[in-house]
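Visitor: From the sequence below, what's the structure:
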Amino acid sequence: MDPSIIILFAVLAGLMLFMSSRTRKQQKQQAEFRSSLAPGHEVMTGSGLIGTVVDVDEAADIVTIESTPGTQTRWLRAAIAKKIDPPVVEDEAEVAEDTADAGSITSAHGDVEVPDDLSGLDTAQREYRDGKRRDEGDTEGK
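Guide: As a prediction, the model looks like this:
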């Protein structure tokens, strides 16, 4: 038997073992996450429903989720995809500064003028081309 074929099979076997170990690790993490579900956690299901865990039935592996106040649905524990982290609350002063700077655009060369409407783009483009022609020494003015 050719030694290169043996090496090829060994490499393929190694890749398969590596990939299966990663998959097992991910499945273990998901199982640990699902077993740690408790009322009050905000979660998302595999289909995209976001809600708060209200009740966990350990015996039947069913999680009750409240998506809107008064609307409760029951899901298999395996359908819960991930926990939603609460949003980070920023300092109000930082938010005010960010909002104040939202209207200005800067680049490496300083402020950039942005037209309010599209009518000014045609004129600006024409002026740009005319300036390039003058810089290149084209006096024809096509």
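
Visitor: residues touching the residue nearest the centre of the chain, list them.
Guide: Centroid-nearest residue in the chain: residue 84, 12.9 Å away (criterion: Cα atoms, centre = their mean). Neighbour list for residue 84: 42-44, 50 [criterion: Cβ atoms under 8 Å, 6 or more residues apart in numbering]. C-beta: built from backbone N, CA, C; applies to glycine.

Visitor: Return the entry from the residues you listed with the maximum number of neighbours.
Guide: residue 43 (21 neighbours; other Cβ atoms under 10 Å).

Visitor: Residue ranges of each domain in the chain, please.
Guide: Following automatic domain parsing, the chain resolves into domains at 1-35, 37-102.

Visitor: export those to TSV and tack on distance to residue 131?
Guide: Shown next, in TSV, are these (distance: least, Cβ to Cβ, whole Å):
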stretch	distance to residue 131
domain 1-35	57
domain 37-102	30
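
Visitor: can you tell which of the ones you listed is closest to residue 127?
Guide: Of all those, domain 37-102 sits nearest to residue 127, with 27.6 Å by Cβ to Cβ.

Visitor: what about that closest one, distance to the chain center?
Guide: Computed by Cα atoms, centre = their mean, to the nearest Å, the chain-centroid distance of domain 37-102 equals 16 Å.

Visitor: wait, residue 73 sits on residue 67?
Guide: Yes. Look at residue 73 against residue 67 with Cβ atoms under 8 Å: they come within range, at 6.6 Å.

Visitor: who touches both of the two?
Guide: Any residue near both residue 73 and residue 67 by Cβ under 8 Å, 6+ apart counts here, and that gives 49, 51.

Visitor: returning to what we had before: would you check how far apart the residue nearest to the centre of the chain and residue 64 are?
Guide: 17 Å (Cβ to Cβ, to the nearest Å).

Visitor: For residue 26, which three-state class applies?
Guide: What DSSP: H, G, I helix; E, B strand; the rest coil gives for residue 26 is helix.

Visitor: Residue 132 too?
Guide: Following three-state DSSP, the label given to residue 132 is helix.

Visitor: same thing with residue 38?
Guide: Residue 38 ends up coil, using three-state DSSP.
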